[in-house]
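S.K.: Prediction below, plus the sequence it came from.
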Amino acid sequence: MKGSAPIRARRIRSVETLLSVLAACILLAPAQAPAARGAGGPAAAASAGPRPQVGFLSARREAERRAEQEMLAVPTPERERAWLHALTEEPHVAGTPQGKKLAEYVRDRLVEFGLKTEMVPYDIWLNHPVSVSLRLLKPEAASLSLREEGYIRDKSSYSEDAFPGFHGYGASGKASGKVIYVNYGTHEDFERLESLGLPVEGRIVIVRYGKVFRGLKVKEAQTRGAKAVIIYSDPADDGYMKGDIYPDGPMRPASSLQRGSVQFLSSGPGDPSTPGYASTKNAKRVGREQMSGIPKIPSLPLSYGEAAKILKALAGDRVPDDWQGGLPFAYHLGPGPAEAEMSVEMDYAVQPLYDVIATIPGTAEPDRLVVLGNHRDAWTYGAVDPNSGTASFLETARGLAAALKTGWKPRRTILLASWDGEEYGLLGSTEWVEDRTPALQQNGVAYINLDSSVTGGDLDVSGMPSLRDLILEAAGDVDDPRHGGTVLEAWRSRKQRDWAKTEPACPRDETTFELHLNPLGSGSDYTAFADHAGIASADFTFEGPYGVYHSIYDDLFWMEHFGDPEFLYHTAASRLYGLLAMRLGAADIVPLRYGAYGRALSRELELLRREAVRDRRVWEAARTEPRSVEPGSQAAVEARKKPALVPDLSPVTQAIDRLTAGGIDLDAVLDRLQENPAAASAEPQTLARLNDALVQVERAFLDKRGLPGRPWFQHTLYAPGLTTGYASWPFPGIVQALKDRDSDEMQAQIRVVVERIDAGAQRIGAAREIAMEIGGK
């Protein structure tokens with residue numbers, strides 16, 4: 001599903017006292033690993049061999065290094081290619097016989113590797129299309145194709161086994177009427193259209209993919225009374241304006257459809273018939289009319305080749321300049337004279353989906369769980385999404401099995417999870433988490449997600465700041481097959497170049513640059529772990545130009561010609577995944593570090609403050625100079641709203657400062673403990689007590705009441721945006737109050753955030769005391 005980053009400098013003082021451009025640069029810089037962590041510094045070459053350090057006592061590092069070398073030697077490009085070939089032989093949508101067949105294939109491979117493996121079924125309510133059609137009625141009648149063209153060079157593109165264009169959790173229904181264009185269909189786009197006196201009520205809305213999760217486009221249209229929604233892929237976003245189109249290049253051709261779910265993802269993922277609890281065999285289910293997280297109006301995807309026939313027939317005002325797409329004519333808003341007719345019939349039923357779970361038992365802390373996950377299901381062949389990740393997942397599993405045969409054993413239990421139903425709404429992972437949330441909140445250590453592992457060669461990582469040091473260290477131990485050096489070096493260099501472009505006034509030296517992990521939003525299987533269970537989570541991928549997302553052209557031909565022809569980055573992904581698994585599983589001290597957390601929060605808080613100030617200035621200008629406001633502009637929208645808020649965020653700043661100070665102190669204590677030879681004789685239960693304290697810090701950031709209006713999401717510091725779906729909203733409760741311009745709720749959310757950050761700081765202090773007792777003085 002993933003449609004869709006940064007690391008830490010020294011302690012930063014209150015963001016409210018930034019007095020110079022330099023201070024702002026330091027705060028907002030994206031970060032490199034401190035040289036004291038990360039296996040000899042970030043410039044060390046991986047070819048020298050792995051250097052596990054974060055969390056490992058000095059006496060244990062050499063044994064771990066040897067075991068990691070065994071694992072790193074296993075993944076090969078040839079095996080990665082063979083796995084992907086087998087995984088993408090036929091389309092395998094969740095809930096189909098092909099989907100189950102692939103679950104059994106993955107299970108059998110894990111068993112062959114010698115891993116104890118089971119298939120865990122969940123009975124989930126979902127849809128497949130019975131019939132779908134879309135017609136242009138006026139000005140000239142025409143049937144619009146919901147299937148893609150085949151290409152002789154790519155025999156898979158001719159498949160009749162793939163479903164036509166449809167939306168997961170799309171509503172059945174018929175609708176006809178005048179068409180109106182609403183750009184990307186964001187909340188702000190609908191507001192701008194309404195400011196022009198153009199309501200969508202009673203119309204068929206056409207919007208382009210991008211900016212926000214597709215289900216939220218349908219939700220916005222439905223809320224405003226639209227009859228139906230057409231979502232098309234515009235060539236300005238992933239077609240010929242971004243590069244050569246398939247099959248001559250990686251970008252989307254004219255007949256390509258983007259399938260996908262239209263669940264209201266930011267309200268809560270999972271089976272909509274069992275909201276907040278697992279879809280087990282005898283689970284109580286709510287009726288269709290009581291389901292609040294899926295649409296009630298029909299919708300369909302459309303290619304830009306077919307969408308052009310509708311868009312060209314629209315009249316009315318020219319669109320605002322920033323609404324013009326890439327088709328070779330001027331876009332108009334409508335409504336009409338283009339009229340369309342949509343007919344959608346879906347077959348909804350409760351069907352078994354299958355998670356496949358392999359277990360590597362832990363020794364000293366067997367109840368503590370490290371989970372690695374990738375989903376199998378795809379809208380068509382899924383060579384990128386998700387089965388590039390599945391191929392890397394299988395090679396990682398094979399590498400871990402090889403390490404086990406040498407005598408290596410993890411301290412904690414490692415679970416390898418192959419999820420089902422992710423594309424519909426993160427179904428398999430969400431139901432699995434909901435089935436065992438209390439146990440996971442007690443015992444869950446970390447979750448590392450691998451969705452689409454490869455579309456190119458540029459590493460990008462999202463995750464909780466507590467995992468930052470571990471991830472940088474592991475990335476510094478994996479060779480980059482294209483750039484030379486390590487994947488960490490290539491990642492850092494690219495991010496620093498990007499930073500220099502966006503912050504041109506900042507000095508261009510490494511003392512003011514910090515490589516951050518991107519904050520987690522949603523769109524893949526880490527969501528339930530991070531946002532509901534409060535487990536430290538991360539997600540990584542190797543990126544490149546990719547325009548065939550969720551289309552029939554996401555197949556082996558595309559990968560072998562454009563994505564990773566030599567399968568070198570699949571192999572790099574397996575090695576990075578394996579190192580993260582081994583270090584999270586085997587480290588004497590759980591490799592979670594909290595000095596980075598406060599710095600990341602300071603950066604996000606300053607960005608939030610800047611946005612609030614900007615919105616206030618726009619609102620004031622719109623109110624004081626109404627004649628200068630252009631109709632349909634964002635200023636015109638602002639002029640109709642309540643005053644934009646600029647809250648006093650100093651209580652949050654002070655709480656973050658306390659968290660940062662405690663985190664830096666704890667990290668220093670843990671560093672000393674790792675180097676203390678006496679720590680090797682510590683009682684296992686004493687180390688386990690320290691590890692439990694470290695793991696529980698993330699849980700302190702949860703509010704059991706949930707976020708306002710969406711109780712399933714409980715993390716108060718990171719969540720997907722309510723109106724974005726994919727993109728992260730750091731401090732989501734505060735951001736929502738800002739957008740709603742609700743000062744009372746704003747103050748309430750500031751109090752919640754301060755309370756939760758202080759709770760985290762207290763747990764950091766408790767972990768520090770335990771570490772001092774063991775030998776971190």
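M.R.: Okay, I see it.

S.K.: contacting residues for residue 334?
M.R.: For residue 334, the contacting residues are 178, 179, 180, 181, 198, 203, 314, 315, 316, by CB atoms under 8 Å, 6 or more residues apart in numbering. The way it works is simple: take the backbone N, C-alpha and C, and place the C-beta from them, glycine included.

S.K.: surely the fourth one meets residue 312?
M.R.: No. Under the contact definition of CB atoms under 8 Å, residue 181 does not touch residue 312, with a separation of 11.3 Å.

S.K.: Looking at the two, which is more packed in?
M.R.: residue 181 (29 against 15; other CB atoms under 10 Å).

S.K.: How confident was the prediction at that one?
M.R.: Residue 181 carries a pLDDT value of 99.

S.K.: How about residue 674?
M.R.: In this model, residue 674 is scored at 95, pLDDT.

S.K.: which of the contacts of residue 334 has the most neighbours?
M.R.: residue 181 leads these on contacts (other CB under 10 Å) with 29 neighbours.

S.K.: Please report the distance of it from residue 199.
M.R.: Per CB to CB, to the nearest Å, residue 181 is found 14 Å from residue 199.

S.K.: between the contacts of residue 334, which is closest to residue 473?
M.R.: Nearest to residue 473 out of these is residue 181 (CB to CB; 48.9 Å).

S.K.: Could you report the separation of the closest one from residue 391?
M.R.: Distance, residue 181 to residue 391, by CB to CB: 40 Å.

S.K.: Let me see the contact set for residue 553.
M.R.: Applying CB under 8 Å, 6+ apart to residue 553 gives the contacts 148, 154, 157, 246, 247, 252, 253, 256.

S.K.: again, only using 6 Å
M.R.: residue 246 (CB atoms under 6 Å, 6 or more residues apart in numbering).

S.K.: and it, what are its phi and psi?
M.R.: phi -80, psi 0 (degrees, to the nearest 10).

S.K.: distance of it from residue 562?
M.R.: Distance, residue 553 to residue 562, using CB to CB: 10 Å.

S.K.: next one: residue 580
M.R.: On the measure of CB to CB, residue 580 and residue 562 end up 27 Å apart.

S.K.: and what of residue 307?
M.R.: 24 Å.

S.K.: Using the three-state scheme, assign residue 494.
M.R.: Following DSSP: H, G, I helix; E, B strand; the rest coil, we place residue 494 in the helix state.

S.K.: Over to residue 666?
M.R.: In the three-state summary, residue 666 is assigned as helix, counting by three-state DSSP.

S.K.: So, low pLDDT: which residues of this protein?
M.R.: The model of the chain has pLDDT under 70 over residues 2-48, 503-512, 626-628, 776.

S.K.: quick one, domains of it?
M.R.: What automatic domain parsing lists as the domains of the chain is 126-350, 596-605+647-774.

S.K.: Could you pull out the strands in the stretch 451-600 of the chain for me?
M.R.: Secondary structure of the stretch 451-600 of the chain (DSSP state E, counting those that start in this stretch): strands at 458-463, 536-543.

S.K.: ditto for the chain
M.R.: 116-138, 142-144, 167-168, 173-181, 204-208, 228-232, 260-261, 299-302, 339-360, 365-375, 412-419, 444-449, 458-463, 536-543 (DSSP state E).

S.K.: Which among those is found nearest to residue 513?
M.R.: Residue 513 sits nearest to strand 458-463 of all these, at 16.2 Å, using CB to CB.
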